[in-house]
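Novice: got a predicted structure plus its sequence, pasted below:
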Amino acid sequence: MLYALKIATRYLTANKAQTALLITGVAVGVFIFIFMSALIGGLAEFILSRTVGDLSHVTIEAEDPDPSLLIAPAGHVLAVTERGRTRNATLAEAETWLPLIEAVPGVRAVSPQITGAGFLTRGAQVSQVSVTGVMPGRESAILDLDGYMVEGSARTGSGLIVLGRDLADDLALSLGQTVRLQSSGGITALLTLSGVFETGNGAMDGARAFVSLPVARTLFAMPQGVTRIEIKLDDLNAADATALRIRALTGLDAVPWTDGAEQLMEALNAQAQTGYFLKTFALITIVIGVASALMLSTYRRRPEIGIMRAMGAGRNFVVFVFVAQGALIGLMGGVMGAALGYLALLPFPSREAFEPGTLPMDITQGSYGLAITLTVIGAILASILPARAASRVDPVTAIGQ
Amino acid sequence: MSTLLEVRDLFKTYGTGEAETRVLRGLSLRLEAGEMAALLGPSGAGKSTLLTILGTLMKPTSGSYEMLDQDMISADDRALTDFRNAHIGFVFQFHNLLPDFTALENVIFPTAVREGRETPTARTRGRDLLERMGLADRIDFPTANLSGGQKQRVAVARALMNRPELVLADEPTGNLDRASAKQVMDLIGEINREEGTTFLISTHDEKIAASCRRQIEVADGVVTG
């Protein structure tokens, strides 16, 4: 078959302009494939990083105990304790679990938290807030608080509070000024504003307050344990599997971010489907282009095929000559398109540096190997029909032309 | 001399119904090994059809054909292709060389296609044949750059490459000037004498026919003399 490969190569080099045009056509198809892969992949990354990036990928929350019942000897329920409006369940042995969770592969950060509701009061101004107590030093473990700081520091500590921009503005608070925080349990603390953040999320910037875990323990009368543990993963797509693993390891109710995010997942799937369609069309264009070009070549070279057959070339030899041409066109077009795609994607910012107003292209998601492989396979498939037609050429008729 | 090939009661019909044309009508012929025979006859007599059948490129409608004691009628396409490659050479009126290849590449094609590559042995024999054809200075020339006579000599060299027992030549000099035609025929005669290769040459040229030791006349699809 080495000789058939030589014939195929000679046929391709015999008409350089036509071959170059054909390879360029294939390369354009591959370029579109790679560009779409990078765009769709980058877009998905961008959407996920914007929507889920700052969220906990796996969350463990204490389950509220069942309401207490007072049951009569006859079996009647005489009284039921009404469930409180605020969570008061705790993960009492959280500190035991933390090292275990941190050791789970793929876990990037763990943040034990005490959360609850409260009121911020400054003068006549009162605002309802959602309070999160975090371990000092782990303020940015889940939400990139450091990255969103517009004033002061994200660092929490004794007597300190970090607020969103809108909330600080509503209370007309400046750095260093004090504010009174009253928890839903009625415990009050006087805190100094040490930092202001702005995430762009209205609910976050207008109603969220961060304090240190010890401050939260005082406010919510929780001398030990936490109310939730938030976990950040290296790969947010591994949340389901990691949650299962943590659940198996600790027995705690670890919930992945995908629970309750069906709409987002559907949107991402729809986007991925669109990408598949576009890439499929690009491949179909390649296949049709290669098939039609080789069909023309088959027709043009009918007399030569007849001569080859007369000289003792079998049908399989002829098939291989044309299939090899298809494969070579696919390989050269694939490599050229992949190289062009890579070069075209180079100027775009990396996935970590997407900026508003720019296309969120991800050069690492170009699927270069896949594009080349599919193109070679597509080109080989495209060449089968012309190759079979060539192998059926009647040498008598062809030589007589 | 031993019998190289024998055909008996060959019939060949093209088309059906009103378009039916009977080209061969019970043709029988025997060729001995080492013969150099001319095939004569008017246009439409069935010469080309006979050569095509003898060359295993086409099967007759009916009749028998044996060459080298093998039945060519019942053999399948693959067997016929291999047989053709090993035992039969062709020289066509219009040389029919592969245009994108050099003279040497054309000559060694029958061997290369059998071996799956261009072996050094094949290259050596190809060069020898081209030198014998007087084309030593044209070995690596693209065939497009050769004259008509040179191309036809390359075609003769190609036909001889696999040392076939039979070479079928259909009007090999029909497209050449007198000098080139004589050169080609002299080469064919030389190879026939020296290597014992059997030649069957279809021609309208009386002089060419006269240069062959046997003349076979075909008319209306049968051998008449």
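Specialist: Okay, I see it.

Novice: interface residues of chain B facing chain A?
Specialist: Applying C-beta under 8 Å from any C-beta of the partner chain, we find that chain B lies next to chain A at B:52, B:55, B:57-58, B:77-78, B:81-82, B:84-86, B:90, B:92, B:96-101, B:109-110, B:112-118, B:158, B:162. C-beta coordinates here come from the backbone N, C-alpha and C atoms, glycine included.

Novice: point out where chain B drops to low pLDDT.
Specialist: For chain B, residues meeting the criterion pLDDT under 70 lie at B:1.

Novice: tell me the centre residue of it?
Specialist: residue B:168 (1.9 Å; C-alpha atoms, centre = their mean).

Novice: with chain A instead?
Specialist: Compute the mean C-alpha point of chain A, and by C-alpha atoms, centre = their mean the closest residue is residue A:45, 3.8 Å away.

Novice: still on that earlier bit, helices - which of the residues of chain B next to chain A land there?
Specialist: B:52, B:77-78, B:81-82, B:84-86, B:109-110, B:112-115, B:158 (DSSP state H).

Novice: out of those, which are buried?
Specialist: Among these, those classed as buried by 16 or more other C-beta atoms under 10 Å in any protein chain shown are B:52, B:81, B:84-85, B:109-110, B:112-114, B:158.

Novice: farthest-separated two in the residues you listed?
Specialist: Based on C-beta to C-beta, the longest span within these runs between B:52 and B:112 and measures 24.2 Å.

Novice: buried ones in stretch A:215-230?
Specialist: By neighbour count with 16+ other C-beta under 10 Å, stretch A:215-230 contains the buried residues A:215-220, A:222, A:225-230.

Novice: can you give me the end-to-end distance of that stretch?
Specialist: One end of stretch A:215-230 to the other measures 19 Å (C-alpha to C-alpha, to the nearest Å).

Novice: list the contacts of the residue in chain B that chain A sits nearest to.
Specialist: Closest contact between chain B and chain A, by C-beta to the nearest C-beta, is at residue B:85 (2.3 Å). By C-beta atoms under 8 Å, 6 or more residues apart in numbering or on different chains, the residues touching residue B:85 are A:311-313, B:110, B:113-114, B:162.

Novice: how close does it get to residue A:181?
Specialist: Separation of residue B:85 from residue A:181 (C-beta to C-beta, to the nearest Å): 96 Å.

Novice: so which elements touch the longest helix seen in chain B?
Specialist: Taking DSSP H as the criterion, chain B has its longest helix at helix B:178-195. Judged by 3 or more C-beta pairs under 8 Å, 6 or more residues apart in numbering or on different chains; DSSP states H and E, helix B:178-195 is in contact with strand B:36-40, helix B:148-160, strand B:198-202.

Novice: figure out which of those is closest to residue A:318.
Specialist: Here helix B:148-160 is closest among the helices and strands packed on helix B:178-195 (C-beta to C-beta), at 18.0 Å.

Novice: which parts of that closest one are buried?
Specialist: B:149-160.

Novice: could you do stretch B:217-225 as well?
Specialist: B:217-218, B:221-223.

Novice: pull the most distant pair out of the residues you listed.
Specialist: B:217 and B:221, at 12.3 Å, using C-beta to C-beta across these.

Novice: can you tell me which of the buried residues of stretch A:215-230 is nearest chain B?
Specialist: Nearest to chain B out of the buried residues of stretch A:215-230 is residue A:230 (C-beta to the nearest C-beta; 66.1 Å).

Novice: contacting residues around the closest one?
Specialist: Shown in contact with residue A:230 (C-beta under 8 Å, 6+ apart): A:56, A:58-59, A:110-111, A:113, A:141-142.

Novice: with residue B:212 instead?
Specialist: Residue B:212 is in contact with B:36-38, B:199, B:201, counting by C-beta under 8 Å, 6+ apart.

Novice: tell me the two of these that are most distant?
Specialist: Spatial extent of the contacts of residue B:212 (C-beta to C-beta) is set by the pair B:38 and B:199 at 8.9 Å.

Novice: between the two, which one's more packed in?
Specialist: Legend: neighbour count by other C-beta atoms under 10 Å in any protein chain shown for residue B:38 and residue B:199, higher for residue B:199 (25 against 22).

Novice: could you report the neighbour count for the residue lying closest to residue A:235 once chain neighbours are set aside?
Specialist: Spatial nearest neighbour of residue A:235, excluding adjacent residues (C-beta to C-beta, 6 or more residues apart in numbering or on different chains): residue A:106 at 6.2 Å. Around residue A:106 sit 16 other residues, with neighbours defined as other C-beta under 10 Å.

Novice: and residue A:106, what's its pLDDT?
Specialist: Looking at residue A:106, its pLDDT stands at 90.

Novice: how close does it get to residue B:49?
Specialist: Distance from residue A:106 to residue B:49, counting by C-beta to C-beta: 78 Å.

Novice: what helix or strand is residue A:4 on?
Specialist: Assigned by DSSP states H and E, residue A:4 falls within helix A:2-14.

Novice: please identify which pair of the ones in helices among the residues of chain B next to chain A lies farthest apart.
Specialist: The span of those, defined through C-beta to C-beta, is set by B:52 and B:115 at 26.5 Å.

Novice: in stretch B:180-199, what counts as buried?
Specialist: Residues of stretch B:180-199 classed as buried: B:180-185, B:187-188, B:191-192, B:197-199 (neighbour count, 16+ other C-beta under 10 Å).
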